[in-house]
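>>> coords below, sequence missing:
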């Protein structure tokens, strides 16, 4: 894990910028720093719509750390919407962890479970409406029915209503989603009953905000017509109008206590015997139930903070738009580093930042998992960008030593990917624990998309280069083809003509190509062609251009080579072929004829003219060679 000789606590939560996760992490960080422990917080941005490919890339973060190296693990599984993600983490823990494991708000077998006493907290909220406000027609919106705490809170509602001999009908109960998505559906259900509800009690603040917003949208006043309450004590409930009555859960206290238990049980094996630990929630009576006096000053303060927060959020979103525009100009990872330095201060309180990419990230498809070797490609330390960083390190270390110091470390890890193509991860370190967890989806997506674009651009450039190479090249010999000769040889000829230098051009033709193909097959014919190319290359010296311009015809062109020098090359070629023939390695002989033109070109000369002259000389030489070998002349 971190290479600073300190033990590390691993924290797993989704959407750490939200209030519960942020408060929990603040408590963990504060206590861990006091105890001298590192903290590694692994988080992603959750599932959005039906884009499963993106989500698969997002959840790779759960596979990043080496779980066996943790001194303790803290889980916030109820923040992780996807069941497969929760199962991935639990499987890693069961397989690899031999340390204290704390589960927050979710019962996990084999862990110490930190739970909110729903019977006391929720019952207290229901009694508040009945006893303080005299309400009798109460409805209850719980979380997903598959969640144990949602079922427990629903049963608490039913029991408490029975204590006061108040009826509970089908349309007084509704299972929601613990999020903002089902406010309208819940209101439809509650208002479809025989009696209009006086109160809608929600099992958490997100649902309470969505219900209150939906009621107001329909022209139903809160609290004059219908009261609404939540649960968790999120600051967002104060910023809403009317401020939402809720139960405050001590999330920060949970985080601190989790670290205390981990520290206390470092050398113990019986930590599982601690059982479940319960925390009480306290009621915060506000505007949405008709109470105001006690909360009025806090409401005004929070609304002012919310105004400032929204204003800053708007400014930051504008900066992210500009970041996207500027990143479009980036041509390399180094360019990305420049723009990250320019915009990172818009993420509140960041002290250090690192972009860690998978090793040899050159395939546009990316990877399906993190590589064992990683590379730090962008480094901001103490708010300053380190120039031209490329630091390799082992993935199990999570970070290279250049990012660390001897003090207790606190790092947030977020995945970098495009769809389900894994590129690496980002790391964040904040100046203090009050400013933690401001990780932003748009920032993350901008960087992931740009890396994807760079990989695609690099692949396209490679393909274009390969196509250009193939377009100008002969497949068998890898020499230039006729198009390549026209381009490369033409440029050489024009340059020599301009400089008034000799141009040497030789046309070489393999003798008896048809007989070799007919008697021994085309594979042997190809061998003979490549053998001629080999002997030409061995014979020539200096700078020259070779091309295969026909089935058995080759052209060699060079600048500043006289006819005598060039003829010496061809004589050497003939001798090399003769030595090969005498070796008896093949049941046939390989011969070649050639014609040479070499002079300083005049104004009327062209490469085509040189080729024509050399070709005529080659043909005459071929006839002489055939006659000398006693071959039939056609």
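Happy to help now that I have it. This one's a predicted model, so the numbers in the text were calculated from it and none came from an experiment.
>>> Phi first, then psi, for residue 88.
Geometry field for residue 88 lists phi and psi as phi -60, psi -50, criterion degrees, to the nearest 10.
>>> Verify the contact between it and residue 61 for me.
No - under the criterion of CB atoms under 8 Å, residue 88 is not in contact with residue 61, lying 10.0 Å apart. Every C-beta, even on glycine, is put in place using the N, C-alpha and C of the backbone.
>>> more crowded one of those two?
For the pair residue 88 and residue 61, the greater number of neighbours falls to residue 61 (24 against 18), based on other CB atoms under 10 Å.
>>> Quick one: residues contacting the more buried one.
Taking CB atoms under 8 Å, 6 or more residues apart in numbering, we find residue 61 in contact with 42-44, 413-415, 425.
>>> Now for this protein, the helix or strand with the poorest mean pLDDT.
One helix or strand of the chain scores below all others by mean pLDDT, DSSP states H and E: helix 296-327, with a mean of 66.
>>> returning to that earlier point: considering the contacts of residue 61, which member attains the minimum pLDDT?
Comparing pLDDT over the contacts of residue 61, residue 44 scores lowest. The value there is 89.
>>> Show me where the stretch 351-500 of the chain has its strands.
Shown for the stretch 351-500 of the chain, the strands assigned by DSSP state E, counting those that start in this stretch span residues 373-381, 384-386, 391-394, 410-418, 421-430.
>>> Next, the angle strand 373-381 makes with the last one.
The directions of strand 421-430 and strand 373-381 differ by 30 degrees, with axes from the mean of the first three to the mean of the last three CA atoms, to 10 degrees as the criterion.
>>> quick check: angle from strand 421-430 to strand 410-418?
Going by the same axes, to 10 degrees, strand 421-430 makes 150 degrees with strand 410-418.
>>> In terms of secondary structure, what does strand 421-430 contact?
If you count contacts as 3 or more CB pairs under 8 Å, 6 or more residues apart in numbering; DSSP states H and E, strand 421-430 packs onto strand 350-358, strand 410-418, helix 441-472.
>>> hmm, 10 Å instead?
Secondary-structure packing of strand 421-430 (3 or more CB pairs under 10 Å, 6 or more residues apart in numbering; DSSP states H and E): strand 38-42, helix 52-58, strand 350-358, strand 373-381, strand 410-418, helix 441-472.
>>> What pairs with the fifth one, parallel or antiparallel?
Just to be clear, that refers to strand 410-418. Strand 410-418 has its sheet partners listed here by DSSP bridges as strand 38-42 (parallel), strand 421-430 (antiparallel).
>>> what angle sits between the longest one and strand 350-358?
This points to strand 421-430. If you take the same axes, to 10 degrees, strand 421-430 sits at 160 degrees to strand 350-358.
>>> In strand 421-430, which residues are buried?
421-430 (16 or more other CB atoms under 10 Å).
>>> Endpoints of stretch 158-172, how far apart?
10 Å (CA to CA, to the nearest Å).
>>> Just the element for residue 534, please.
With secondary structure defined by DSSP states H and E, residue 534 is part of helix 522-539.
>>> Check the model's average confidence along that helix for me.
If you average the pLDDT over helix 522-539, you get 95.
>>> before we move on, what about stretch 388-399?
Confidence over stretch 388-399, taken as the mean pLDDT, stands at 92.
>>> okay, how far is it across it, tip to tip?
End-to-end distance of stretch 388-399: 17 Å, with CA to CA as the criterion.
>>> could you show me where the strands are in the stretch 151-300 of the chain, in order?
Secondary structure of the stretch 151-300 of the chain (DSSP E, counting those that start in this stretch): strands at 173-175, 199-202, 227-229, 246-248, 277-279, 282-284.
>>> Output those as a markdown table; include the columns mean pLDDT.
A markdown table is the format used below for these (pLDDT from 0 to 100):
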| stretch | mean pLDDT |
| --- | --- |
| strand 173-175 | 96 |
| strand 199-202 | 97 |
| strand 227-229 | 97 |
| strand 246-248 | 91 |
| strand 277-279 | 91 |
| strand 282-284 | 89 |
